[in-house]
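Asks: compute the structure for the input listed below.
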Amino acid sequence: MKHLAFSGDERVGAARFEERSLLPVPAACVVANAVRERLTSLVGKDVDLRLWPPAIPRREAWSAIFEGARLYVLRGANGDAALVLRPHDACALAALLYGETEALREVRALSPLELEITRRAVAAVAGALAPVCGDVRPDFASSDVDAVTYFELHVLEPMAFCIGVALANEPDARATQPIPRNTLLHAVVETTAELPLQSLRAREAATLQPGDVLAAPSLEARLRANGKACAIGTLGVGGERYAICVLSRR
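Replies: Numbers count the residues shown, from 1 in each chain. As a prediction, this is how the structure comes out:
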């Protein structure tokens, strides 16, 4: 989405529109934390990870991100995604999975066994993307995704490498997920009844005392649920309690 921004350090700056991701940073933080926990479980060592926040790269930036990278495509209920491992990052992750923690000295092609272990590790991490694209399933047979938003997870310890996350969809700025009707039907709301009473002058109302009796011209009552009128009925007695007999719905 385009946002209005201003450039310059002066009080009056030049206005311009720039593309900014609608993906909330807290959502990306949830993904980052889940990835950290899953990597920690996989490698058996504490993983220190930092988030590079969501952005909408330019076309030339996408080319640089994907150049030579291995894409692990995920099909999500709310949109597709891809985990991006550039050559250095793929080598570092494979080395970490084998228990190595020293910084890489060179980038090389991964062996078939390293590729398989890396693929399994990515599949184990994939579920962490559920907060941003719904339930996901790996589709590693595909090698492409029409990406819009991108953020990165920078692993600092025990070995430095980066996992890119490319999302095919931006969150909808207008529409939200509807609340299921069955959920609303079980909600508890406060219900009140209003009765019309005789008119009083402000002076008379100010002098009301406990025990004063006011006349009710009609037994018609207006029912309100959480302050909103929902029905009209008449006041009566049911058993040993006061009750309202509903005549019509609002």
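
Asks: count of neighbours near residue 163?
Replies: Each residue near residue 163 was counted by other CB atoms under 10 Å, and the total is 24. Bear in mind the C-beta positions are built from the backbone N, C-alpha and C, glycine included.

Asks: got a pLDDT number for it?
Replies: Note on residue 163: pLDDT of 93.

Asks: my guess is it meets residue 153, correct?
Replies: Yes - if you go by CB atoms under 8 Å, residue 163 and residue 153 touch, sitting 4.5 Å apart.

Asks: buried stuff in stretch 151-164?
Replies: 151-153, 155, 158-159, 161-164 (16 or more other CB atoms under 10 Å).

Asks: make a markdown table out of the residues you listed and add distance to residue 86 and secondary structure.
Replies: A markdown table is the format used below for the buried residues of stretch 151-164 (distance: CB to CB, whole Å; DSSP: H, G, I helix; E, B strand; the rest coil):
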| residue | distance to residue 86 | secondary structure |
| --- | --- | --- |
| 151 | 15 | strand |
| 152 | 10 | strand |
| 153 | 13 | strand |
| 155 | 13 | strand |
| 158 | 19 | coil |
| 159 | 15 | coil |
| 161 | 9 | strand |
| 162 | 7 | strand |
| 163 | 10 | strand |
| 164 | 8 | strand |
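
Asks: please identify the buried residues of the biggest helix by length in the chain?
Replies: As assigned by DSSP state H, the longest helix anywhere in the chain is helix 25-43. By neighbour count on 16+ other CB under 10 Å, the buried set for helix 25-43 is 28, 30-32, 34-36, 38-39, 42-43.
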